[in-house]
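> coordinates only, sequence not included:
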Ligand code: NAP
């Protein structure tokens with residue numbers, strides 16, 4: 001893996017951890033790309049570039065011009081467009097790629113989960129009078145805020161440009177969140193439903209564990225279909241795949 005240049009498509013904690021690991025443990029040059037959605041991204045090992053590429057073909061052009069040896073798609077499982085672009089660009093530029101993708105969470109027997117396909121379906125699934133903690137990011141929150149017969153607490157990393165109509169509230173906070181804090185929030189706000197994407201991860205997220213303990217029903221937005229790709233389920237797996245692809 002000597003002296004290779006790796007482009008990580010990031011925007012997740014996994015991408016950040018991977019960049020740090022590769023920067024520390026290998027002599028590869030690590031470039032992480034962010035879309036630029038948050039104005040103050042967290043600290044990052046290696047080189048950072050920010051902003052869209054302008055589509056799949058320009059991404060292929062970037063790979064060729066910058067002599068990238070390996071592309072790692074470590075974007076969020078719900079970031080479907082950039083993953084499609086990555087698959088296309090990898091094939092077009094002849095640069096190997098794989099995706100770092102955590103397995104999704106699954107309900108336990110006692111959990112009450114409603115699986116839906118989109119934010120619109122999730123908003124429609126909430127009963128009249130619900131008090132919902134909505135953790136779907138800035139992009140997917142509009143259908144919830146349009147419902148004025150429910151109360152929404154929408155948690156997101158950055159305050160949106162427009163304040164929501166009462167009774168809805170925006171809560172600006174950046175993960176990680178502790179289980180006890182999640183339980184306290186759900187109790188003090190009398191939350192009746194948790195709405196979330198199935199981001200997945202080694203451990204069940206504290207918000208899911210809190211909902212489980214407090215017997216709060218979960219409305220789970222399903223992951224979108226992504227293009228075929230080799231998948232690393234964790235950082236060690238990613239290292240093994242990298243070793244093979246760069247051999
Ligand atoms: P998306 O819909 O798949 O992508 C929309 C466009 O944003 C892409 O076509 C690309 O623009 C640009 N883009 C996305 N990720 C990029 C990256 N890592 N580097 C450079 N450009 C990128 O993506 P999204 O759902 O808006 O997510 C944007 C970012 O937020 C991603 O980095 C993702 O990992 C992170 N994120 C997303 C979610 C989520 O729920 N969707 C949650 C947490 C974090 P061009 O076509 O111009 O290249």
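Now that the structure is in, tell me what you want to look at. For clarity, every value in this text was computed on a predicted model and none was experimentally measured.

> going forward, measure contacts between C-alpha atoms and count neighbours the same way
Fine.

> now the strands: where do they sit in the chain?
In the chain, the segments counted as strands under DSSP state E are 5-9, 29-34, 47-50, 70-73, 97-100, 113-116, 131-135, 151-156, 169-172, 193-197, 218-221, 231-232.

> buried ones in the third one?
When you say that, I think you mean strand 47-50. Using 16 or more other C-alpha atoms under 10 Å as the test for burial, strand 47-50 gives no buried residues.

> and that strand, average pLDDT?
On average, the pLDDT along strand 47-50 is 96.

> Give me the residues contacting that strand.
Strand 47-50 is contacted from outside by 30, 31, 32, 33, 34, 35, 36, using C-alpha atoms under 8 Å, 6 or more residues apart in numbering.

> try it again with 10 Å
With C-alpha atoms under 10 Å, 6 or more residues apart in numbering as the test, strand 47-50 has contacts from 7-10, 19, 23, 29-37, 41.

> Quick check: residue 171 vs residue 159, distance?
Distance, residue 171 to residue 159, by C-alpha to C-alpha, to the nearest Å: 8 Å.

> for residue 173, same thing?
9 Å.

> Isn't residue 156 up against residue 37?
No - in this structure, residue 156 is not within contact of residue 37 by C-alpha atoms under 10 Å, at 11.8 Å.

> between those two, which one's more packed in?
Between residue 156 and residue 37, residue 156 has the larger neighbour count (other C-alpha atoms under 10 Å), namely 20 against 13.

> For the residue sitting nearest the centre point of the chain, give me its contacts.
Centrality entry for the chain: nearest residue to the mean C-alpha point is residue 76, 3.1 Å, by C-alpha atoms, centre = their mean. Residue 76 makes contact with 9-15, 82-83, 100-102, 199-200, 223, according to C-alpha under 10 Å, 6+ apart.

> Closest to residue 206 out of those?
residue 200 (11.4 Å; C-alpha to C-alpha).

> Can you check the pLDDT for the closest one?
Here the pLDDT value assigned to residue 200 is 90.

> Could you tell me which residues of the protein lie near the ligand?
Proximity of the chain to the ligand, by C-alpha under 6 Å from any ligand atom, involves residues 9-12, 33-35, 51-55, 75-76, 78-82.

> If we use 5 Å, what do you get?
When proximity is defined as C-alpha under 5 Å from any ligand atom, the chain approaches the ligand at 9-11, 33-35, 52-55, 75-76, 78-82.

> Mind giving me the PyMOL select for these, buried ones only?
Listed next is the PyMOL selection for buried residues among these, using 16+ other C-alpha under 10 Å:
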select buried, resi 9+10+11+33+34+53+75+76+78+80+82
